[in-house]
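**Student:** Just to be clear, the model below is a prediction. Sequence and coordinates:
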Amino acid sequence: MFEPSVQKLINEVNESILNENEKIKSKYTVIIAAAKRARQLVDDKDERVENGKNALTIAIDEIENRLVKVIPDNKD
């Protein structure tokens with residue numbers, strides 16, 4: 001099992017969103033956001049990645065600590 005859980009990440013992201021219509025409802029939104037952020041870290045040659053830390057782990061930590069804003073895709 002992976003830690004933090006996807007539901008915990010969704011809750012963390014949603015705490016900072018005031019508008020109810022912009023809240024994240026899908027776990028895939030968070031997963032895709034983490035994957036995109038990890039790709040940015042690799043492409044930008046982030047020093048943490050260059051020093052051997054996993055880019056996806058960094059991305060998940062950034063989302064969990066609200067260092068990266070996840071913008072929901074509300075096409076419901």
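**Tutor:** Thanks, I have it.

**Student:** the helices in this structure, which residues?
**Tutor:** Per DSSP state H, the chain carries helices over the ranges 6-15, 27-43, 47-50, 55-64.

**Student:** Please work out the average pLDDT along the longest one.
**Tutor:** Spelled out, it's helix 27-43. Mean pLDDT, helix 27-43: 92.

**Student:** List of residues touching it?
**Tutor:** 6-7, 9-10, 13, 24, 48-49, 55-56, 58-60, 62-63, 68, 70, 72-73 (C-beta atoms under 8 Å, 6 or more residues apart in numbering). Backbone N, C-alpha and C define where each C-beta goes, glycine included.

**Student:** And the third one, by the same measure?
**Tutor:** For helix 47-50, the surrounding residues in contact (C-beta under 8 Å, 6+ apart) are Leu41, Val42, Ala55, Ile58.

**Student:** between these, which is nearest Glu20?
**Tutor:** Ile58 (30.2 Å; C-beta to C-beta).

**Student:** what about the closest one, how many residues close to it?
**Tutor:** 20 (other C-beta atoms under 10 Å).

**Student:** repeat for Ser5
**Tutor:** 11.

**Student:** Fine by me, we can end here.
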